[in-house]
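Chemist: what shape does this take:
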Amino acid sequence: MTQIAHLRDAMAASQLLNDVQADDGFVVGSVHFQAAGADIHVNVDPELADNPEMDVEALITNTQRFLAMPADDWKRLINDIAVEVEEAVEEDEVEEPTDLRDDLSLHSVAVFADAVLLSFVAPRQFPQCWVRAQLCEELALEDISIDEDDGVETIEFKSLDDLLDNLSANNDK
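Modeler: Presented below is the predicted three-dimensional model:
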């Protein structure tokens, strides 16, 4: 069994995520993140290229810690992100003068053994960008970036079978 298959099986057994699957060096799943009131995609990345000794327990613990974040801590984190972005971009960079706290919508999460990376959309203020926030193991804000959308369309599938069906259908065209 490969390390990724082992991580996939351990994540599935933890029941932290739904539809757990291995995908190109990491494990993916979905979950309703209670603190944000949002359904999100979670990528658990063991960073095997940098760390060949995968720590499955640390990855599961970090995923569990993030998903258990209380709503008040989440609101405080969103406020911290908004304050940092507002201080960094100044008024001339903003597409629409909407409070960023109301515009940020969590899209996905990447969990590492020692960090969590949040990817937000902010369609009114930053319609062509991703707002990314890196959290440390204790879920404190470490870094923020605003990255331009690379223009590559992302298509999400509910299962590997759906993906394979889509690929087969595209080959027939």
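
Chemist: all contacts plus neighbour counts: C-alpha atoms, from now on.
Modeler: Fine.

Chemist: tell me the pLDDT of the residue most central in space within the chain.
Modeler: Centroid check for the chain by Cα atoms, centre = their mean gives Val109 as the closest residue, at 1.4 Å. Confidence at Val109, expressed as pLDDT, is 97.

Chemist: partner strands of the helix or strand that contains it and their direction?
Modeler: If you go by DSSP states H and E, Val109 is part of strand 105-111. When pairing is defined by DSSP bridges, strand 105-111 lines up against strand 38-44 (parallel), strand 115-122 (antiparallel).

Chemist: quick check: which of those strands is nearest to Glu138?
Modeler: Of all the strands paired with strand 105-111, strand 115-122 sits nearest to Glu138, with 8.4 Å by Cα to Cα.

Chemist: rounded mean pLDDT for that closest one, please.
Modeler: Per-residue scores along strand 115-122 average to 95.

Chemist: who touches that strand?
Modeler: Here strand 115-122 makes contact (Cα atoms under 8 Å, 6 or more residues apart in numbering) with 62, 66, 100, 103-111, 127, 129-137, 139.

Chemist: what sits closest to Arg132 if chain neighbours are left out?
Modeler: The shortest distance from Arg132 to any non-neighbouring residue, by Cα to Cα, 6 or more residues apart in numbering, is to Ser119 (4.6 Å).

Chemist: ok, so what distance separates that neighbour from Ser145?
Modeler: Going from Ser119 to Ser145 by Cα to Cα, to the nearest Å gives 10 Å.

Chemist: and for these two, which residues touch both?
Modeler: Val131, Arg132, Ala133.

Chemist: so which of these belong to helices?
Modeler: Judged by DSSP state H, helices contain none of those.
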